[in-house]
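Trainee: I need the structure of the sequence given here:
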Amino acid sequence: MTELQPLKAPTAAERRTRILWLLAAVITVTAPHSLYVSPWVSALLIGISIWRYQLESRGWRLPSAWIKVPLVFTGLAAVALTYRTITGVEAGTALLIVMLALKILETKTSRDFTVVSAICWFLMFAVFLREQQLWALPYIIAGVSISVAALLQIRRSGPPLPLGSVTRQTAGLLVQALPLMLVLFFLFPRIPAPFWAMSTGGTDAQTGLSDQVNPGDISNLSRSDRVAFRVRFNGDVPPPEERYWRGPVMGFFNGRTWSWGDRGEKIDPVNEMLVGETYYEYELMLEPHGRDWLLALETPAQWSQSKSYLSANLQLISQTPVRQRIAYTARSYQQARRKNMDSERHLQAMQYLPASSNPETVAFARQLRQSAASNRDYLNQILQMFREEEFFYTLRPPLLGTNPVDDFLFATREGFCEHYASAFATLARAAGIPARVVTGYLGGEINPLSNDMVVRQSDAHAWTEVWLDGSWVRVDPTAAVAPQRIELGLDEALSASDLNFRRSVRNTLLLSQAFLSLDAINAAWDRWVLAFGPEMQAEMLSRAGFDEPDMQDLVLVMAVGITLLLAGLAYYLQISIRNNDDPLLTAYRHFCSKLAHAGVTREPGEAPANFASRAVATHPDQQQSIQQITNLYVALRYEPNRNGPTELQEFFERVKKFRLKKA
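Mentor: Okay, the predicted model is just below:
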């Protein structure tokens, strides 16, 4: 029998394989960030990765400190100059990628490789600072899997594992971690505003209604297919003409812009409102928009969202900006009004018009009002004008001048909902009738697969409220011009030239079904994962028997759950090891028991090489035998090409002949 040599250092091919695994993990976890960081950051990472692999392939030395230190300061300065800061989501992510790239240039030891792998985990987490959509799930699974596989390869003392072996080991580790992940997801204490809801600083970070209306604002918003919110009704679904989702109420007008200046005083809907018999109950899941309002079907009288109130304008107000996805239930009544009339001072404010703005409109309104029998008759004549004369509904209206209502009514006559709402409210005020513009959403598409109603940014809408007979009455002048917008939705009211390519494709039958299926999956992801916040967590614990659960209850239940999981995993591993009939492992345990009788006991989890070192220190006379048996065991256990019957039989014979006297 030939004598076994000590385990050799990794060969050049083995080192290249480890580098490739590490670089694969790095590229995988940084790929989504390339859409947001400056192009030079991604180019730097790719360039250094190629450089590092070439250094390993050609056997060249790694760059010295004289090269790396200037690169570090240059990278830091480049990030600061590009982003004007080194903090925040965008700049912080770019800086982390730059430092990761430079760290690759000094990967010598296993510890260096492990540090790079750890940075990859931080970069995966950083993705959630800007995006939590469904695509993040397969990305995280892929990133975690490749990172774990790379960690298995770079921490090995022997040659790299073949692809099949590393895949099985990675899958096994992830399956073992799955129960712990679920416990942490459901029981880790949630805070009302997670820091990943922070603004990224970009101009497109949040979309939605604004706190003011200029002609053209909602038309631009209505070109977007992004989801504004989802609704699930408990019972009857309102018909299309009743799907007015109330948002900001615009009461101040400067001649061109309507503004949400007056939030309105807080009212008690139970004691200060008269409601009819028809109501709708629903759960609404609102996308973050970064402003201080909630959306609700007209008119909300009950709702579950904490830190919110109903204003005198019958608008649901949030006391904190909506910076994360939230879900709440509500009940809205179709017939509802305040018991107490608005103050005379408030009604006078709702009649205000700047003295010098839109003079043609003011003159026309006063002349028309003189011939009308009543305020209601006057308003009906305006609607009849919109209905019978040549007014056009379009997303591409011409630009308006200094007096936009004059230009719209007497020149262009082409516009979107905010043009008609603004013009109608101006005509009402010019005749002394209090009026205001209300913005929100109109419509919604039922997804039969998820039973949700999806309201998109393209459903954004503006209408008018006028003061008649002691209460505010909704008047939607858009219905006079384009009734199909109210009854059938936005797409039916637009010409073929106004429909963009995405929405034209979505309206085809086959692709529409695909969109609905994807939307149903997204709805489930949003409802059960992204919207799982403090309220849902507290409700889950309440159903489990905790009355008014607090942070202490969460920590206690989480600690108990983790303890039980770890105990169960330990028991499983112990049983699996005990039932393992692997003859190689059995023979090695027999070798360890011989050393234990001689006074050298192997510690739980102790590596064979470390155990052999301790045994040799106690029995130096048996150094050769101990080292040969240990080397042979490691080779047979961890090197797939060293498991032939000849070497296995040699190992058995060496263990059988091994003898030691008690220390």
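
Trainee: per-domain residue ranges of this structure.
Mentor: As assigned by automatic domain parsing, the chain contains the domains 12-161, 212-510, 583-657.

Trainee: the longest one: how far from the chain's middle?
Mentor: Averaging C-alpha coordinates over domain 212-510 and over its chain gives two centres that are 29 Å apart (C-alpha atoms, centre = their mean, to the nearest Å).

Trainee: equivalent analysis for the last one, please.
Mentor: Remark: domain 583-657 is offset 51 Å from the chain centroid, using C-alpha atoms, centre = their mean.

Trainee: again with stretch 28-36
Mentor: 15 Å.

Trainee: what of stretch 41-61?
Mentor: Worked out by C-alpha atoms, centre = their mean, stretch 41-61 lies 33 Å from the chain centre.

Trainee: re the thing from before, and of the domains of the chain, who's closest to Val529?
Mentor: For the domains of the chain, distance to Val529 was read as C-beta to C-beta. The smallest value, 8.2 Å, belongs to domain 12-161. Every C-beta, even on glycine, is put in place using the N, C-alpha and C of the backbone.

Trainee: can I get the domains of the chain in CSV including mean neighbour count?
Mentor: Below are the domains of the chain laid out as CSV (neighbours: other C-beta atoms under 10 Å):
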stretch, mean neighbour count
domain 12-161, 17
domain 212-510, 18
domain 583-657, 15
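
Trainee: now the strands for the stretch 451-600 of the chain?
Mentor: Secondary structure of the stretch 451-600 of the chain (DSSP state E, counting those that start in this stretch): strands located at 452-456, 460-468, 471-475.

Trainee: which stretch in those strands is the model least sure about?
Mentor: Mean pLDDT is lowest for strand 452-456 among the strands of the stretch 451-600 of the chain, at a mean of 88.

Trainee: what bridges to the nearest residue to Trp258 once chain neighbours are set aside?
Mentor: Setting aside the residues directly before and after it, Trp258 is nearest to Met250 in space (C-beta to C-beta, 6 or more residues apart in numbering), at 3.7 Å. On the basis of DSSP bridges, Met250 is bridged to Val437.

Trainee: now swap in Ala336 and tell me
Mentor: Here Ala336, judged by DSSP bridges, has bridge partners Val275.

Trainee: separation between Leu585 and Arg637?
Mentor: 8 Å (C-beta to C-beta, to the nearest Å).

Trainee: thinking again about what came up before, for the strands of the stretch 451-600 of the chain, could you give me JSON lines that also reports distance to Asn358?
Mentor: Listed next are these as JSON lines, based on distance: least, C-beta to C-beta, whole Å:
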{"stretch": "strand 452-456", "distance to Asn358": "32"}
{"stretch": "strand 460-468", "distance to Asn358": "16"}
{"stretch": "strand 471-475", "distance to Asn358": "19"}
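
Trainee: quick one: closest of those strands to Arg291.
Mentor: Arg291 sits nearest to strand 460-468 of all the strands of the stretch 451-600 of the chain, at 13.7 Å, using C-beta to C-beta.

Trainee: now the angle from that closest one to strand 471-475?
Mentor: Interaxial angle, strand 460-468 versus strand 471-475 (axes from the mean of the first three to the mean of the last three C-alpha atoms, to 10 degrees): 140 degrees.

Trainee: so what touches strand 460-468?
Mentor: Identification of contacts with strand 460-468 by C-beta atoms under 8 Å, 6 or more residues apart in numbering yields 209, 213, 218, 221-222, 228, 244, 249, 342, 347, 350, 375-376, 379, 417-418, 421-422, 424-425, 428, 433-443, 472-478.

Trainee: repeat for stretch 34-52
Mentor: Residues outside stretch 34-52 that contact it (C-beta under 8 Å, 6+ apart) are 19, 23, 26-27, 30, 33, 75, 78-79, 82-83, 90, 93-94, 97-98, 100-102, 104-105, 107, 130.
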